[in-house]
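Student: Only the shape, not the letters, is given here:
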Ligand SMILES: [Zn+2]
């Protein structure tokens with residue numbers, strides 16, 4: 001009896017280091033890893049001819065088809081697949097009480113939504129997905145009745161709940177306190193966007209009054225201490241309730257230090273940074289204007305160094321994209337406060353972060369695949385994702401570490417028609433992306449039918465000590 005596929009002739013990038021070996025795939029699963037002569041007979045052989053093979057990247061923080069992201073599941077996951085990302089975790093928004101409607105589908109926000117309904121809505125929209133996806137349940141209204149759904153949401157394969165402390169959809173500390181207690185009972189994860197809403201609002205109002213409307217003024221309106229203050233409150237509540245806490249898009253040393261202060265070993269408190277916070281500074285607002293706007297803002301070179309410092313020691317476990325698709329027209333506005341927040345990077349995250357972490361800063365491939373594949377999968381209850389090991393899904397990326405190319409939005413599969421990395425030359429290129437053993441994308445773009453990706457139910461994750469990523 002033979003297996004479906006042998007992948008040979010390459011260097012495997014695993015969490016333990018690089019390995020000149022191959023692996024066998026049967027029925028979408030990795031069934032053997034080892035030297036070529038020890039693999040079973042296969043119907044097909046893929047010889048990657050000296051290139052690297054990385055586990056499919058797992059991005060636990062993306063915005064597709066909702067809030068202010070104009071990507072559909074088709075365009076967003078096409079960008080993901082083209083960039084070596086084989087699993088994304090998107091958001092199922094409970095409801096939206098603000099004025100803004102999604103360009104992609106205004107009906108999203110017109111619906112009164114409970115969480116379970118929001119999850120079904122996302123699944124209906126996701127029928128064209130090219131990569132596997134999960135969802136975070138996103139609580140956007142301060143209504144205790146939502147707690148009654150938490151149990152069923154976890155049972156539906158969604159053991160993580162997102163909350164904001166800022167914007168119209170932010171919730172109070174009191175509400176978080178009650179929510180965290182419910183989540184702790186279920187062993188689920190609280191996922192937090194932390195910025196102190198009143199500080200950010202007051203500083204924004206002051207900038208408007210003073211006509212400080214240009215993009216380089218923007219970081220002063222959402223300072224690092226506002227991020228750290230809200231994080232400090234949220235982790236205190238998680239500590240009091242014994243709730244698992246995951247801080248998204250950490251952008252500053254100040255915020256990371258607040259996380260580190262409560263963190264013993266990653267058993268209860270974890271955090272991520274994003275590709276842009278690890279690769280760009282606030283100079284981007286001078287160079288690119290409002291195109292580069294997101295929240296929290298890009299910060300200083302010292303903050304970028306802090307992201308790497310805390311990724312190295314494991315305090316921050318994950319690098320995500322926080323992908324939001326907008327058009328150039330929505331981004332390029334006169335006054336920064338009219339700008340649609342968020343940047344797109346599903347297609348560029350791996351090559352950009354690889355170039356910065358491995359080529360510029362000398363980190364290992366183990367560092368790269370832990371931060372972008374293994375840690376996000378483990379943190380969010382996806383044991384079959386994020387690793388090249390027996391029993392895992394055969395999600396992998398054929399990667400040429402030596403090929404240089406220039407990033408341009410002309411290549412975008414996303415509906416976003418710009419890139420904050422436009423013109424940046426990187427070394428290291430995604431050649432092919434496989435999902436469960438099938439080729440999904442190569443350099444010509446998507447090569448499978450729409451709908452190849454599946455909704456993945458996630459387990460309640462078991463968190464223990466989290467290793468550093470050196
Ligand atoms: Zn986000």
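Tutor: On my side now, so go ahead. Note that this is a predicted model, so its numbers are computed, not measured.

Student: Tell me which residues touch residue 315, please.
Tutor: Under the criterion of Cβ atoms under 8 Å, 6 or more residues apart in numbering, the contact partners of residue 315 comprise 256, 259, 260, 263, 266, 271. Using the backbone N, CA and C atoms, a C-beta is placed for each residue, glycine as well.

Student: and it, that's in a strand?
Tutor: No - membership of residue 315 in a strand is not supported by DSSP: H, G, I helix; E, B strand; the rest coil, which gives coil.

Student: And it, how close does it get to residue 269?
Tutor: 9 Å (Cβ to Cβ, to the nearest Å).

Student: Residue 89 against residue 64, yeah?
Tutor: No - taking contact to mean Cβ atoms under 8 Å, the distance of 10.1 Å between residue 89 and residue 64 leaves them out of contact.

Student: picking that back up, between residue 315 and residue 269, what contacts are shared?
Tutor: 259, 263.

Student: Over to residue 396: give its phi and psi.
Tutor: Note on residue 396: backbone dihedrals following degrees, to the nearest 10 are phi -150, psi 160.

Student: What's opposite it in the beta bridge?
Tutor: Partner residues in beta bridges with residue 396, using DSSP bridges, are residue 55, residue 434.

Student: show me where the stretch 301-450 of the chain has strands.
Tutor: Taking DSSP state E, counting those that start in this stretch as the test, the strands found in the stretch 301-450 of the chain are 318-320, 396-406, 425-435, 438-442, 445-446.

Student: would you list those strands in CSV and tack on mean neighbour count?
Tutor: As requested, these are arranged in CSV below (neighbours: other Cβ atoms under 10 Å):
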stretch, mean neighbour count
strand 318-320, 28
strand 396-406, 18
strand 425-435, 21
strand 438-442, 20
strand 445-446, 16
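
Student: Out of those strands, the one nearest residue 463 is which?
Tutor: With Cβ to Cβ, the closest approach to residue 463 among the strands of the stretch 301-450 of the chain belongs to strand 318-320: 12.6 Å.

Student: and that closest one, what other elements does it pack with?
Tutor: strand 269-274, helix 275-279, helix 375-379 (3 or more Cβ pairs under 8 Å, 6 or more residues apart in numbering; DSSP states H and E).

Student: Please repeat the previous calculation with a cut-off of 10 Å.
Tutor: In terms of contacts (3 or more Cβ pairs under 10 Å, 6 or more residues apart in numbering; DSSP states H and E), strand 318-320 is packed against strand 57-59, strand 269-274, helix 275-279, helix 301-312, helix 349-354, helix 375-379.

Student: now these as JSON lines including mean pLDDT, mean neighbour count and distance to residue 288?
Tutor: Listed next are the helices and strands packed on strand 318-320 as JSON lines, based on pLDDT from 0 to 100; neighbours: other Cβ atoms under 10 Å; distance: least, Cβ to Cβ, whole Å:
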{"stretch": "strand 57-59", "mean pLDDT": "99", "mean neighbour count": "31", "distance to residue 288": "23"}
{"stretch": "strand 269-274", "mean pLDDT": "98", "mean neighbour count": "27", "distance to residue 288": "16"}
{"stretch": "helix 275-279", "mean pLDDT": "98", "mean neighbour count": "25", "distance to residue 288": "11"}
{"stretch": "helix 301-312", "mean pLDDT": "98", "mean neighbour count": "19", "distance to residue 288": "16"}
{"stretch": "helix 349-354", "mean pLDDT": "98", "mean neighbour count": "26", "distance to residue 288": "15"}
{"stretch": "helix 375-379", "mean pLDDT": "98", "mean neighbour count": "26", "distance to residue 288": "28"}
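
Student: so how far is residue 397 from the closest residue to residue 208 other than its chain neighbours?
Tutor: Nearest-residue entry for residue 208: residue 337, 6.3 Å, with adjacent residues in sequence omitted and distances by Cβ to Cβ, 6 or more residues apart in numbering. As judged by Cβ to Cβ, residue 337 and residue 397 stand 39 Å apart.

Student: per-domain residue ranges of the protein.
Tutor: Domains of the chain are assigned by automatic domain parsing as 3-54+391-401+427-446, 56-379.

Student: where does the longest one sit relative to the chain's centre, distance-wise?
Tutor: This points to domain 56-379. Taking the mean of its C-alpha atoms, domain 56-379 sits 8 Å from the chain's own mean (Cα atoms, centre = their mean, to the nearest Å).

Student: So what are the sheet partners of the helix or strand containing residue 190 and their directions?
Tutor: Using DSSP states H and E, residue 190 sits within strand 189-193. Taking DSSP bridges as the criterion, strand 189-193 pairs within the sheet with strand 160-164 (parallel), strand 244-247 (parallel).

Student: Tell me who's in contact with residue 343.
Tutor: 274-276, 280, 284, 288, 291-294, 298, 321-326, 331, 416, 418-421 (Cβ atoms under 10 Å, 6 or more residues apart in numbering).

Student: Of those, grab the buried ones for PyMOL.
Tutor: Selecting only the buried members of those in PyMOL, with burial defined as 16 or more other Cβ atoms under 10 Å, works like this:
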select buried, resi 274+275+276+280+284+288+291+292+293+294+298+321+322+323+324+325+326+331+416+418+419+420+421
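
Student: which ones among the contacts of residue 343 are found in helices?
Tutor: Within these, membership in helices is found for 275, 276, 284, 288, 331, as judged by DSSP state H.

Student: so which of these comes closest to residue 374?
Tutor: Proximity of these to residue 374 was ranked by Cβ to Cβ; the top entry is residue 275 with 17.0 Å.

Student: Chain neighbours aside, what residue packs nearest to the closest one?
Tutor: By the measure of Cβ to Cβ, 6+ apart, the closest residue to residue 275 outside its immediate chain neighbours is residue 349, 4.5 Å from it.

Student: now residue 32
Tutor: Leaving out its chain neighbours, residue 32 is closest to residue 24 (Cβ to Cβ, 6+ apart), at 4.1 Å.

Student: Each with direction, which strands does the helix or strand where the one you found lies pair with?
Tutor: Taking DSSP H and E as the criterion, the element that holds residue 24 is strand 17-26. Looking at strand 17-26 with DSSP bridges, its paired strands and their directions are strand 3-14 (antiparallel), strand 29-34 (antiparallel).

Student: Single out the most deeply packed of those strands.
Tutor: strand 3-14 (a mean of 22; mean count of other Cβ atoms under 10 Å).

Student: any weak-confidence spans in the stretch 351-470 of the chain?
Tutor: In the prediction, the stretch 351-470 of the chain carries residues with pLDDT under 70 at positions 467-470.

Student: thinking again about what came up before, where does the strand holding residue 24 sit relative to the chain's centre, distance-wise?
Tutor: The chain centre lies 26 Å from the centre of strand 17-26; the measure is Cα atoms, centre = their mean.
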